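[1] Make a model of this:
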Amino acid sequence: MGWHRIVLGIGNPGPEYDATRHNVGFMVLDLLAQRLGLAFTRLERHADDGARLFSGKVKAQVCEGRRKGRSFLLAKPQTYVNLSGDVAGPLLRAAGRQPDSLFVIVDDLNLPLGRMRIRPSGSAGGHNGLKSIQQTLGTDGYPRLRLGIGPAADAGRGAGGIRPAHWPDFVLAPFLPEEREVLGRVLVRAVDCLQEWLDGADLQSLMGTHNSSEPDQRPGH
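    Below is the predicted model:
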């Protein structure tokens, strides 16, 4: 009865976080759902016999769909970034799938805005959302799409241009007006990538196609 593939975007719930850098995972899923004609609703899932599959602690906005005979779920945890694993774990268990069926969309301060990077596994890289997911799943062997949120003008250094003490304020700040054009383009590229994955594309082909493209970071290019 489970979904074939799950896409989970990392972000914080609440309108005060909607436009912040930490919520690019939510932004991608909102755009993907819009493209597929889906709408997010509060998570409610019961087995055929009426038994509840999730406890009341699993809080998420979700939408379900099918593409090319495969069922999928898009999920936005409503637990705050550092508790993302509280949603990822139960969803995988309910789906009866292995971690490689979970594609996580996450912001990356070490990549400049406009770049994205796909990886089949790897460390959390200091990101509390990934730390939570890896602790819950007991593995780092799940694919993730990292979207750069670092200063676009500092294309080679990412977070190197920001003092560590300022990281929390930076990731919880909204994108600047002059960054929105670049942001819009990379969100579309991320949605293209995820749509291919939902259609059955393997991760290696996505890495070959989407990791190789690193467009000019300057506004208007």
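
[2] Spit out the contact partners of the spatially closest residue to Arg146 that is not a sequence neighbour.
    With sequence-adjacent residues excluded and distances taken as Cβ to Cβ, 6 or more residues apart in numbering, Arg146 is closest to Asp108, at 4.0 Å. For the C-beta atoms, the positions are set from N, CA and C on the backbone; glycine is no exception. Contact criterion Cβ atoms under 8 Å, 6 or more residues apart in numbering gives 117, 125, 127, 146-150, 158 as the residues in contact with Asp108.

[3] any low-confidence regions in this protein?
    Residue ranges of the chain with pLDDT under 70: 1, 45-57, 152-167, 212-221.

[4] Adjacent strands (with direction) for the lengthiest strand in it?
    With secondary structure taken from DSSP state E, the chain has its longest strand at strand 102-112. Pairing partners of strand 102-112, with direction, according to DSSP bridges: strand 5-9 (parallel), strand 144-150 (parallel).

[5] Would you mind pulling up the elements that whichever helix or strand comes after that strand packs against?
    Proceeding C-terminally, strand 102-112 gives way to strand 116-119 as the next helix or strand, assigned by DSSP states H and E. With contacts defined as 3 or more Cβ pairs under 8 Å, 6 or more residues apart in numbering; DSSP states H and E, strand 116-119 has these neighbours: strand 144-150, helix 180-198, helix 203-210.

[6] ok, and the most crowded of the contacts of Asp108?
    Ile149 (30 neighbours; other Cβ atoms under 10 Å).

[7] Now do that residue against Ile10, distance only.
    12 Å (Cβ to Cβ, to the nearest Å).

[8] which neighbours do the two share?
    Contacts common to Ile149 and Ile10, judged by Cβ under 8 Å, 6+ apart, are 22, 107.

[9] The spatially closest residue to Met116 that is not a sequence neighbour pairs with what?
    The shortest distance from Met116 to any non-neighbouring residue, by Cβ to Cβ, 6+ apart, is to Leu147 (5.0 Å). According to DSSP bridges, Asp107, Met116 are recorded as the beta-bridge partners of Leu147.
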